[in-house]
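>>> The amino acid sequence is not available; the structure is as follows:
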């Protein structure tokens, strides 16, 4: 099988892995092919590096399967070698195959190509045919591919509208990506060269951070759940979508980074002839959202796999060609290849999915997904409609999988959604309605006013806002907690580069620790605080009104009910004051 290893140096595909392969053997492969010594490697099963894997663990014991990803961290630069001035590239074996190797910079003068050994160091006698065959592995005659492996892409209009509407909140200045789920439809004709069509039923946006220059996809705790819901609906991952700010040059479709990422994902999905597509969205000159679909060419996949393509920060409209390789454009050597040579345009059509895209999606700033959200969503449906109609929303199904069994309940519900032959069993309606009746359960959240908020005399203003909202103060104290206490509070950020600075800052002055209670107080409290980055916070929120920089964003709020209870236990070991305010009848309906 093949697994992937992600590091700060890039994502590598490790072939020929078996269930008996150990982490130690994986480290040896990395040292051999990427020149990072075993002693410097730390391999973990999560992006944050908290679940470090021991050398003796096997793929079987870790339940690692084909296509799964592990995460590598190491000290120092992304590439290191034992040779001073050396770099890592590929070498040619006696049988003419390519492998990675370290080489000294002196080989640039003595090797038959930069970074390669001299011919005589490989073997003593060469025929012209042998040399030409060997040398051809490093030469690419660049030409555009005539057509993709997909006839067309049908995009669900509601999903696309939801995606671009969210991007408009940031004037398309925040790059973003998402997975496309849907189906592959067989060719419409019986002709030999007829191509399949890709039908996109929904867009799922994983956790990520973005700016005008790109995005970083973060670890996704819901990935398996999302895949399971899609599978229950008969959908697979058929592509990905990304956005970018408007570009002045209309011919600038993909940056070098975007081309290489598209190549990586297309290879992971099956490589050449795969129907996996890349869709991009941006604003045109009229300010309208423009969706375009592409595949990268087979030659792009070959060059990317060989290590011949490099990112080009100076001229992102082109990919750099690694010095070991030769790219010929119109039979002339070039050090850069225009990205458009690698793109195959796929026609785009509109499509209406049988499922809606109205329930608040995961992983968006300000997206509230609570029992009350579900209750409000259901109010849109008339009592005379079949109950199953209320469930025809992909994001809603993912939300329901939090309390319904993903392996038994969700597949049955999905079958009833897809087929009207059988009505939805009453038991599921009872289960979901009983869940809705729990809406009145009181939640608690932990809110902390940071040193900047205390020093700026904003304590009273913040308390006033929570009281005016109708929430109930359960505990409060002014305290200087100390470094150890703060390290425990921010333990999930311990591996981040800014961790030590964060602890120093938070320990620089007193903080106000508070516990607030109320219905949906965790989600609503976060909404009142605003986005983590004040520049992305809406006016009317605390950060939107009072903060400028992320390092001085005034306050902290729990991000989930479970984390709220954990933080309350840490900060208020003595407990909180439970009481029943008489005004509740004037705040809540029931």
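Structure's in. What do you need? Note that the structure is predicted; figures quoted are calculated from it, not measured. Numbering: from 1, shown residues only.

>>> List the contacts of the residue positioned nearest the centre of the chain.
Among the residues of the chain, residue 217 comes closest to the average C-alpha position under C-alpha atoms, centre = their mean, at 2.8 Å. For residue 217, the residues meeting the contact criterion (C-beta atoms under 8 Å, 6 or more residues apart in numbering) are 177, 206, 207, 208. In this view, the C-beta of every residue, glycine as well, is placed from N, C-alpha and C.

>>> hey, where'd the strands end up in the stretch 1-150 of the chain?
Counting by DSSP state E, counting those that start in this stretch, the stretch 1-150 of the chain has these strands, from start to end: 3-7, 10-14, 41-44, 69-74, 87-92, 98-103, 139-142.

>>> so how far is the third one off the chain centroid?
Read that as strand 41-44. Relative to the mean C-alpha coordinate of its chain, strand 41-44 is positioned 21 Å out (C-alpha atoms, centre = their mean, to the nearest Å).

>>> Same question for the last one.
Between the mean C-alpha location of strand 139-142 and the chain-wide mean there is a distance of 33 Å, by C-alpha atoms, centre = their mean.

>>> in that strand, what counts as buried?
Residues of strand 139-142 classed as buried by neighbour count (16 or more other C-beta atoms under 10 Å): 140, 142.

>>> got the contact list for that strand?
Contacts of strand 139-142 (C-beta under 8 Å, 6+ apart): 299, 302-303, 308, 325-329, 331, 334, 337, 341.

>>> Can you give me the domain assignment for the chain?
Under the assignment named as the TED database, the residue ranges that make up the domains of the chain are 3-73, 152-351, 371-437, 442-586.

>>> Reformat these as CSV; add mean pLDDT and distance to residue 357.
Compiled in CSV, the domains of the chain are given as follows (pLDDT from 0 to 100; distance: least, C-beta to C-beta, whole Å):
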stretch, mean pLDDT, distance to residue 357
domain 3-73, 86, 27
domain 152-351, 94, 4
domain 371-437, 89, 7
domain 442-586, 92, 20
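
>>> Select, out of those domains, the one closest to residue 127.
Among these, the nearest to residue 127 by C-beta to C-beta is domain 152-351 (21.1 Å).

>>> about what we covered before: which one of the contacts of strand 139-142 sits closest to residue 580?
Proximity of the contacts of strand 139-142 to residue 580, judged by C-beta to C-beta, is greatest for residue 303, which lies at 68.9 Å.

>>> A helix includes that closest one, no?
Yes - in this structure, residue 303 lies within a helix as judged by DSSP: H, G, I helix; E, B strand; the rest coil.

>>> Could you number the chain from 588 rather than 1 from now on?
Shifting the count to begin at 588 puts that one at residue 890.

>>> That one touches residue 896, doesn't it?
Yes - counting by C-beta atoms under 8 Å, residue 896 is a contact partner of residue 890 at 5.0 Å.

>>> could you measure residue 961 against residue 589, distance?
40 Å (C-beta to C-beta, to the nearest Å).

>>> the more surrounded of the two?
Residue environment comparison for residue 961 versus residue 589 gives the larger neighbour count to residue 961, 20 against 13, counting by other C-beta atoms under 10 Å.

>>> Let's verify the more buried one: helix, strand, or coil?
For residue 961, the secondary-structure state derived from three-state DSSP is helix.

>>> show me the contacts for it.
946, 983, 986, 1022, 1023.

>>> One more: residue 1004?
Residue 1004 is in contact with 820, 941, 942, 975, 978, 979, counting by C-beta under 8 Å, 6+ apart.

>>> Those residues, buried ones only, as a PyMOL selection?
Selecting just the buried residues from those in PyMOL takes one command, with 16+ other C-beta under 10 Å as the test:
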select buried, resi 820+942+975+978+979
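
>>> could I get the contacts of residue 1004 as JSON lines with distance to residue 1057?
Written out in JSON lines, the entries for the contacts of residue 1004 read as follows (distance: C-beta to C-beta, whole Å):
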{"residue": "820", "distance to residue 1057": "39"}
{"residue": "941", "distance to residue 1057": "40"}
{"residue": "942", "distance to residue 1057": "35"}
{"residue": "975", "distance to residue 1057": "35"}
{"residue": "978", "distance to residue 1057": "31"}
{"residue": "979", "distance to residue 1057": "34"}
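
>>> Pull the most distant pair out of the contacts of residue 1004.
When the contacts of residue 1004 are compared pair by pair using C-beta to C-beta, the two farthest from each other are 820 and 975, 13.3 Å apart.

>>> thinking again about what came up before, now go through the contacts of strand 726-729 and say which are in helices.
Of the positions in the contacts of strand 726-729, 886, 889, 890 sit in helices, assigned by DSSP state H.

>>> Now list the buried members of these.
By the neighbour-count criterion of 16+ other C-beta under 10 Å, the ones in helices among the contacts of strand 726-729 include these buried positions: 886, 890.
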